[in-house]
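J.: Sequence plus predicted model, see below.
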Amino acid sequence: MDFSLDKKHEMARSLFKEFAETEVKPLAQETDETEAFPAETVAKMAKYGFMGIPVPKEYGGQGCDPLTYVMCVEELSKVCGTTGVIVSAHTSLCIDPILTYGTEEQKQKYVIPLAKGEKLGAFGLTEPGAGTDAQGCQTKAVLDGDEWVLNGSKCFITNGKVGDIYIIIAITSITEDKRGRKKKNFSAFIVEKGTPGFSFGTKEKKMGIRGSSTYELIFEDCRIPKDALLGPEGKGFPIAMHTLDGGRIGIAAQALGIAEGALERTIEYTKERKQFGRAIAAQQNTQFKLADMAARIDAAKFLVYRAAMAKATQKVYSVEAAKAKLFAAETAMAVTTECVQLFGGYGYIREYDVERMMRDAKITEIYEGTSEVQRMVISGALLR
Amino acid sequence: MKIVVCIKQVPDTKGGVKFNPDGTLDRAAMLAIMNPDDKAGLEAALRIKEETGAEVTVLTMGLPKADDVLREAMAMGADKAILVTDRVLGGADTWATSSTIAGALRNIDYDLVITGRQAIDGDTAQVGPQIAEHLGLPVISYAADIKIDGENVIVKRQYEDRYHMLKTKMPCLITALSELNTPRYMTPGGIFDAYDEKEVTVWGRADLKDLDDANIGLKGSPTKIAKASDKVRKGAGEKVNLDATESVNYIMSKLTEKHVI
């Protein structure tokens, strides 16, 4: 069992680190302040293949593994949580389900431009009345001749208005079981921006990841071709759950990056900041807190990397992904909170990165399955 | 068209230079990077490749770990890589280095050889022109722009206060300034290919052509480094408050006293 990275992964990390420091870090504060989607950064990432890292070369990707992709999200998130989630939602929630469940035609048509970064991807499951309880979804798709007709809405959608290709989960039938209980059957669809009847609601004003484009998606008699169905009809729920297993590894990497970024800045700051005539890093309270944070971050890192390796080698990796996301997200929240505390009053000021990082960290405990959902997944496997 | 780019793995001096107690560079304590001028030379070669379909080979002489910069170059887009490494080549100064690299280049077909102007560890700017001398090639140093024009290259040679536009027939050698361009990043897929698909050809002393043993390694190096040190801080100097005429007289007297004039 080897816990060190091999040379190619080390080099990939150095690439992501250099890119993040040079291209992303200088814009992070402004992206947060203005809530503007960092389109130029996304174009640069597309140029260097960051939008299709774990995608096979024949589909326009880089032909790398999930671990490389995870390190990319991690390094980006060390300096900017917004940039991290853009790559994560695009790759894990849109490209991955098409690669896994799509027909050859769908892969050719959608994965190639997505992986090259010519198109941006998004995923819509959550609705105003259905978050953790995904069965509460109301959006419907009805087959009418050669077209599906979509009606309903999806909310809190990452890459919402800037996306080009959307994976949408909708009810396609309702069946009754033996006891007469009604059960919704979902299907997954690929919907293109610009389809008549597909529009956007208001932009969400968020606490963190403020440059990320979060919108409501509205479908009003939106007609999409019959072959826009992704995977078998009625299998939308397992497709969505499997997609989220992968997505959680991306968000776990984002959380890990945020925690690491906050700790890096705090180490620098505690060496410079003087109180009672010496640097606060010389005080044992600071030292012990830094030590606790570093140990916790390492534990999170191993869980995240293990989940990435599980995705590369196993068919099912729900529990590994749930553990990684649960622990990394709670680590990000705890670490950023502690970092703000060590910064004191300055930590509460927007000029300092840790203030933004603490706000960015919170969402990692919520989206793509709350920490409570991760506990359900983990305990469900324990008690099966 | 075939281009060879000579690159060097150097210690990153961004975080300051670190020395061993004996005055030699503590390379282990510093991050190893591709020399910036060489990287600009590689970028120039890759742009020519995009325009003309040229084949780009990177060549380095160094320790086995210099494999890293060759893989990096391939991850940026270089097609082939050659590592010249051998114990007997160690401790080379610019003469021995250029002789050795010329010995390697004699084995290769090329139209254009690009080197960096100088390496950030030695700062001599001698190796590129010396290679050209060994091989009897025309050389254009300090390139700030390179254009391919049929069998010729047109190079903007940068000086402090002016530039020359020079045209020469290939084969030739050009030394590149880091101001030449902004080198591209690697790509993740390029990195995987560099390690999984591509090979680094390794040459030892025996593989080098028409090379005299008197011109290699420490023994073949006429330059002996007595001591290397970090920049020594100058003293605070002397401050005087005088009027213009008195100031001139004072400075003149000091210069005379120090035998400067």
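T.: Yep, that arrived.
J.: got any ranges where the stretch 1-150 of chain B has weak pLDDT?
T.: B:23-24 (pLDDT under 70).
J.: Would you map the helices across it?
T.: Using DSSP state H, counting those that start in this stretch, the helices found in the stretch 1-150 of chain B span residues B:36-52, B:67-76, B:94-105, B:127-135.
J.: Which of those helices sits closest to chain A?
T.: Chain A sits nearest to helix B:67-76 of all those, at 6.8 Å, using C-beta to the nearest C-beta. Where you see a C-beta, it was placed from the backbone N, CA and C, and this is true even at glycine.
J.: Enumerate residues external to that closest one that contact any of its residues.
T.: A:7, A:11, A:15, B:5, B:7-9, B:32-34, B:42-43, B:46, B:58, B:60, B:78, B:80-83, B:183-187, B:190-191, B:193-195, B:198, B:200 (C-beta atoms under 8 Å, 6 or more residues apart in numbering or on different chains).
J.: Buried by neighbour count, from the residues you listed: which ones?
T.: With burial judged by 16 or more other C-beta atoms under 10 Å in any protein chain shown, the buried subset of the contacts of helix B:67-76 is A:11, A:15, B:5, B:7-9, B:32-34, B:42-43, B:46, B:58, B:60, B:78, B:80-83, B:183-187, B:190-191, B:193-195, B:198, B:200.
J.: List the ones among the residues you listed that fall in strands.
T.: B:Val5, B:Gln9, B:Ala32, B:Ile33, B:Met34, B:Val58, B:Thr60, B:Lys80, B:Ala81, B:Ile82, B:Leu83, B:Val200 (DSSP state E).
J.: Now for whichever residue of the stretch 51-200 of chain B sits closest to chain A, how many residues are close by?
T.: Relative to chain A, the nearest point of the stretch 51-200 of chain B is B:Gly189 (3.3 Å; C-beta to the nearest C-beta). Here the number of neighbours of B:Gly189 (other C-beta atoms under 10 Å in any protein chain shown) works out to 21.
J.: Per-residue confidence at it, what does it come out as?
T.: Note for B:Gly189: predicted pLDDT of 98.
J.: wait, it sits on A:Gly60?
T.: No - applying C-beta atoms under 8 Å as the test, B:Gly189 and A:Gly60 come out as separate, 10.3 Å apart.
J.: in which helix or strand would I find the residue nearest to A:Phe302 when sequence neighbours are not counted?
T.: Nearest residue to A:Phe302 in three dimensions, chain neighbours excluded: A:Phe3, at 7.2 Å (C-beta to C-beta, 6 or more residues apart in numbering or on different chains). Using DSSP states H and E, A:Phe3 falls within no helix or strand.
J.: Next, work out how far apart A:Phe3 and A:Leu15 are.
T.: 21 Å (C-beta to C-beta, to the nearest Å).
J.: Contact partners for A:Lys226?
T.: Contacts of A:Lys226 by C-beta under 8 Å, 6+ apart are A:Leu143, A:Asp146, A:Glu147, A:Trp148.
J.: per-residue confidence at A:Ala291?
T.: 98.
J.: and it, helix, strand or coil?
T.: Assigned by DSSP: H, G, I helix; E, B strand; the rest coil, the conformation of A:Ala291 is helix.
J.: now swap in the one 4 residues further on and tell me
T.: When the structure is reduced to helix, strand and coil (three-state DSSP), A:Ala295 reads as helix.
J.: And A:Ala252, by the same measure?
T.: Going by three-state DSSP: A:Ala252 is helix.
J.: for A:Lys271, same thing?
T.: helix.
J.: what's the burial count for it?
T.: Neighbour tally, A:Lys271, other C-beta under 10 Å: 13.
J.: What score does it have for pLDDT?
T.: 97.
J.: What of B:Val232?
T.: So B:Val232 comes in at 67 (pLDDT).
J.: The one 10 residues further on now?
T.: At B:Leu242, the model reports a pLDDT of 91.
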